[in-house]
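[1] Model the structure of this input:
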Amino acid sequence: MRFHTERITENSRFWDRVNTLAKEAFPPEEYLAPSKLVEMANACRSKGYGSRAIETPKLEYPGKKQVVDFEMPDDTAANSLQRKKRQEFYLRNGYRETGLFLNYLGADYEVFCMDETFEPETFKELMKTIRV
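    Down below sits the predicted model:
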């Protein structure tokens, strides 16, 4: 399996493609332009690429906490299966539940972290500095 990662910016040749993937993955009210987004095209799913992709930040930022948030599973949501699969993916790849839940842009999110220790208040302060 050949794997390549690339930092995507607005000037990247892949910017339009990444935005298209993000729009496919999230409903319009929850779509954000990609920043640190790991998204796989449908044809690449279930082949180990996502698991390899989340290893990259651990190598690039050793000693830093690896935190993700994702739409909370909801049996009534149009994308309920996708939400559950995303949660299972993160758990399978070493992320742990933090007990922290967020709401922004009208959607509920759960926060997972790879570390055993997680400081919700520190994370909330960090999130205040990020514009969504």
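[2] going forward, measure contacts between C-alpha atoms and count neighbours the same way
    OK.
[3] what's the next secondary structure element after the longest strand anywhere in the chain?
    Looking across the chain with DSSP state E, the single longest strand is strand 96-104. On the C-terminal side of strand 96-104, the closest following helix or strand by DSSP states H and E is strand 107-113.
[4] Partner strands of that next one and their direction?
    Using DSSP bridges, the strands paired with strand 107-113 in its sheet are strand 67-71 (antiparallel), strand 96-104 (antiparallel).
[5] Of all those strands, which one comes closest to Ile54?
    Shortest distance between Ile54 and these, using C-alpha to C-alpha, is found for strand 67-71: 10.1 Å.
[6] Give me the residues contacting the helix or strand following the closest one.
    Counting by DSSP H and E, the next helix or strand C-terminal to strand 67-71 is helix 80-92. Residues from elsewhere that reach helix 80-92 (C-alpha atoms under 8 Å, 6 or more residues apart in numbering): Phe70, Glu71, Met72, Pro73, Asp74, Arg96, Phe112.
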